[in-house]
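Novice: could you look at this predicted model? Sequence included:
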Amino acid sequence: MGILDKMKNMASKNKEQSQKLSDAAERQVNQRTGGKYKKQVDTAQQQAEKKLGFGRGHGGGREQQ
């Protein structure tokens, strides 16, 4: 089982926690890059969430900083 499969399994068990972790990762990347790639990071997060099965679509209640 690959890492993506493990992440899908975790996401299916606890969608809310997975979304919180995804948001935390997005904030961390934006902080470390000074927000320079904010749009690209947001797009990547949306695609990853969709692939993992807990996507929220664009602007799905995510905290903006």
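Specialist: Perfect, thanks for sending it. Numbers count the residues shown, from 1 in each chain.
Novice: where's residue 13 relative to residue 7, distance?
Specialist: To residue 7, residue 13 is 11 Å away according to Cβ to Cβ, to the nearest Å. All C-beta atoms are positioned from the backbone trio N, CA, C, and that covers glycine.
Novice: ugh, wrong one, residue 52
Specialist: Distance from residue 52 to residue 7, by Cβ to Cβ: 6 Å.
Novice: before we move on, what about residue 38?
Specialist: When Cβ to Cβ is applied, the distance between residue 38 and residue 7 equals 23 Å.
Novice: what's the answer for residue 27, then?
Specialist: Residue 27 is 19 Å from residue 7, by Cβ to Cβ.
Novice: residues of stretch 19-26 that come out buried?
Specialist: By 16 or more other Cβ atoms under 10 Å, the buried positions in stretch 19-26 come out as 19, 22, 23, 26.
Novice: quick revisit: which one's more surrounded, residue 13 and residue 7?
Specialist: Remark: of residue 13 and residue 7, residue 7 carries more neighbours, 16 against 9, as counted by other Cβ atoms under 10 Å.
Novice: for the host helix or strand of the more buried one, what does the pLDDT average out to?
Specialist: Using DSSP states H and E, residue 7 sits within helix 3-13. Mean pLDDT, helix 3-13: 78.
Novice: by contact count, what packs against that helix?
Specialist: Applying 3 or more Cβ pairs under 8 Å, 6 or more residues apart in numbering; DSSP states H and E, we find helix 3-13 packed against helix 38-52.
Novice: mean confidence for the helix it packs on?
Specialist: Rounded mean pLDDT across helix 38-52 is 92.
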